[in-house]
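Q: sequence plus the predicted model coming up.
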Amino acid sequence: MVTLASIAHRRGVIDIADLNFERRPYGRMTAYSQSKLANLLFGAELARRSEAAGLPLTSVIAHPGVAATNLFDSMVPPIPGALAALHLSLRVFGNSERSGALSTLYAATMPDARNGDYLGPNRMFGMRGPVARSSRTRAARSEGLAAALWDASVELTGAQFQGI
């Protein structure tokens, strides 16, 4: 199984008691960063639980780096030329859309991808480059936070994970 995260997880903060921003101010990038940290934690917790249960499941987490897509278009102010400048900078400093997909494809298909790996570009602070094992923040390495998020997800969704 491949879970898609992002280098934006570095700015992510998870408030287990307020996952849906009901008590704190909502911000697009705050929520995005939180969701990518949550994805990283989910993939790691799935890897731990499947291994502990002896299941033949490999959970790998991937990130695309910064890919030249339209993800940030809605955040660009309506200034003439700003959108074009953003797209140019994404092409110069980031990956193409195709290159951005390579880490996910690698995670899904390569035999050296290991359970719990976090794969993606590592050059320019993870923004571009070939697929490699990537670093995680302290929060993204927290087994306690991952387990708490898993439990909160089960409670919020009502989904039961038999054998995991």
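A: Noted; the coordinates are in hand. Residues are numbered from 1 along each chain as shown.
Q: lowest confidence element among the helices and strands of the chain?
A: helix 82-93 (a mean of 75; mean pLDDT, DSSP states H and E).
Q: buried stuff in that one?
A: By neighbour count with 16 or more other CB atoms under 10 Å, helix 82-93 contains the buried residues 86-87, 90. To be clear about C-beta, it is placed using only N, CA and C from the backbone, and glycine gets the same treatment.
Q: do the same with stretch 2-21
A: Those would be 2-10, 12, 14, 19, for stretch 2-21 by 16+ other CB under 10 Å.
Q: quick revisit: JSON lines please, covering the buried residues of helix 82-93 and showing distance to Tyr106.
A: Shown next, in JSON lines, are these (distance: CB to CB, whole Å):
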{"residue": "Leu86", "distance to Tyr106": "27"}
{"residue": "His87", "distance to Tyr106": "26"}
{"residue": "Leu90", "distance to Tyr106": "21"}
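Q: between these, which is closest to Gly126?
A: Of all those, Gly126 sits closest to Leu90, with 14.5 Å by CB to CB.
Q: I'd guessed that closest one sits against Val66; true?
A: Yes - under the criterion of CB atoms under 8 Å, Leu90 makes contact with Val66 at 6.5 Å.
Q: quick one: the strands in this structure?
A: For the chain, applying DSSP state E gives strands covering 2-4, 60-62, 118-123, 128-133.
Q: biggest separation within the buried residues of stretch 2-21, which pair?
A: Across the buried residues of stretch 2-21 (CB to CB), the longest gap, 22.7 Å, separates Val2 and Leu19.
Q: which of the buried residues of stretch 2-21 fall within helices?
A: With helices taken from DSSP state H, there is no overlap with those.
Q: need the residues you listed in a markdown table with distance to Ser99 and pLDDT, can you?
A: Listed next are the buried residues of stretch 2-21 as a markdown table, based on distance: CB to CB, whole Å; pLDDT from 0 to 100:
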| residue | distance to Ser99 | pLDDT |
| --- | --- | --- |
| Val2 | 17 | 97 |
| Thr3 | 20 | 97 |
| Leu4 | 15 | 95 |
| Ala5 | 17 | 96 |
| Ser6 | 15 | 92 |
| Ile7 | 14 | 91 |
| Ala8 | 18 | 91 |
| His9 | 20 | 95 |
| Arg10 | 20 | 94 |
| Gly12 | 24 | 95 |
| Ile14 | 29 | 96 |
| Leu19 | 32 | 94 |
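Q: just those residues now: which is nearest Ala108?
A: So of these, ranked by how close each gets to Ala108 (CB to CB), first place is Val2, at 4.9 Å.
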